[in-house]
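Novice: Okay, sequence plus prediction incoming.
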Amino acid sequence: MSKEDQREAPSGTVSIVEAARQASKKGAPPVHLWNPPFSGDLDMRIARDGTWFYEGTPINRPPLVRLFASILKREGDDYFLVTPVEKWAIDVEDAPFIALDFEIEEAEAGPILVFETNVGDLVRAGADNGILVKADPSTDEPSPYIHVRRNLHALIDRKSFYRLADLAEPGETEGEPRMVVRSGGETFAIGPMS
């Protein structure tokens, strides 16, 4: 790791950054295959708005955030930064990523919604990457998500959810009438019938 890279990385994370850089040189790191022993808790948090914090300070370097995102792993409700030899627990307030926008690709089998996340992932909604809307039990406020990879989700931002709502049409999922969107040959409920 260069001296400049060491200055950019939060103290205490230099070995994680170096391991992630080495792994990412060969493509997406295979974190699903890494099961090192638990190393402890890292004072790192991902806020609901997608901002990453280390020791209470925002990490303002997008390449560094993308690097950390590439070694993020979820086990049950817990999140970890993992390397082949380290496993550090971090706090995630909601979903680790934010879907900032989407485009519609026209395909022979029908439209495909392609979401872009705050860490640069492009995600095609379909059988492998479903859209899910959860309602807050106390307020009924919807929280829409898209599956990104390996049990990791992105919260769909408000403007994109409004665009989805504009695309929605009456349909049915699980035997219930709902407002739905279609992508990649799949139907996703995004809200109740109005």
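Specialist: Sure thing, it's come through. Numbering: from 1, shown residues only.

Novice: okay, CA-based contacts and neighbour counts for the rest of this
Specialist: Will do.

Novice: quick check: domain ranges of the chain?
Specialist: The chain breaks down into these domains under automatic domain parsing: 3-92, 97-192.

Novice: distance between the last one and the chain's centre?
Specialist: Domain 97-192 has its C-alpha centroid displaced from the chain centroid by 13 Å (Cα atoms, centre = their mean, to the nearest Å).

Novice: Next, format the domains of the chain as CSV and append mean neighbour count and mean pLDDT.
Specialist: Output for the domains of the chain, formatted as CSV (neighbours: other Cα atoms under 10 Å; pLDDT from 0 to 100):
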stretch, mean neighbour count, mean pLDDT
domain 3-92, 16, 83
domain 97-192, 17, 93
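
Novice: Hmm, Ala47 and Pro58 touching each other?
Specialist: No. Taking contacts as Cα atoms under 8 Å, Pro58 lies outside contact range of Ala47: 9.8 Å.

Novice: Leaving aside the residues adjacent along the chain, what's closest to Thr117?
Specialist: Excluding the flanking residues, the one nearest Thr117 by Cα to Cα, 6 or more residues apart in numbering is Ala99, at 4.2 Å.

Novice: and Asp49, what element?
Specialist: Here Asp49, judged by DSSP states H and E, is contained in no helix and no strand.

Novice: wait, I meant Asp101
Specialist: Using DSSP H and E, Asp101 sits in strand 97-105.

Novice: same check, this time on Phe80
Specialist: According to DSSP H and E, Phe80 maps onto strand 78-82.

Novice: Name the next helix or strand downstream of that strand, please.
Specialist: Downstream of strand 78-82, the next assigned helix or strand under DSSP H and E is strand 87-92.

Novice: Show me what that next one is in contact with.
Specialist: 35-48, 78-82 (Cα atoms under 8 Å, 6 or more residues apart in numbering).

Novice: Now do the helices in this protein.
Specialist: Applying DSSP state H to the chain gives helices spanning 3-8, 14-24, 62-70, 158-167.

Novice: would you put the C-alpha positions of the last one in PDB?
Specialist: Included here for helix 158-167 are C-alpha records, laid out as PDB according to Å, rounded to 0.1, in the frame of the first residue of the first chain:
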ATOM      1  CA  ARG A 158     -37.300   8.500  -2.700                       C
ATOM      2  CA  LYS A 159     -37.200  10.000  -6.200                       C
ATOM      3  CA  SER A 160     -36.600   6.600  -7.700                       C
ATOM      4  CA  PHE A 161     -39.400   5.100  -5.700                       C
ATOM      5  CA  TYR A 162     -41.700   7.800  -7.000                       C
ATOM      6  CA  ARG A 163     -40.600   7.000 -10.500                       C
ATOM      7  CA  LEU A 164     -41.400   3.300  -9.800                       C
ATOM      8  CA  ALA A 165     -44.800   4.300  -8.500                       C
ATOM      9  CA  ASP A 166     -45.500   6.200 -11.800                       C
ATOM     10  CA  LEU A 167     -44.600   2.900 -13.700                       C
END
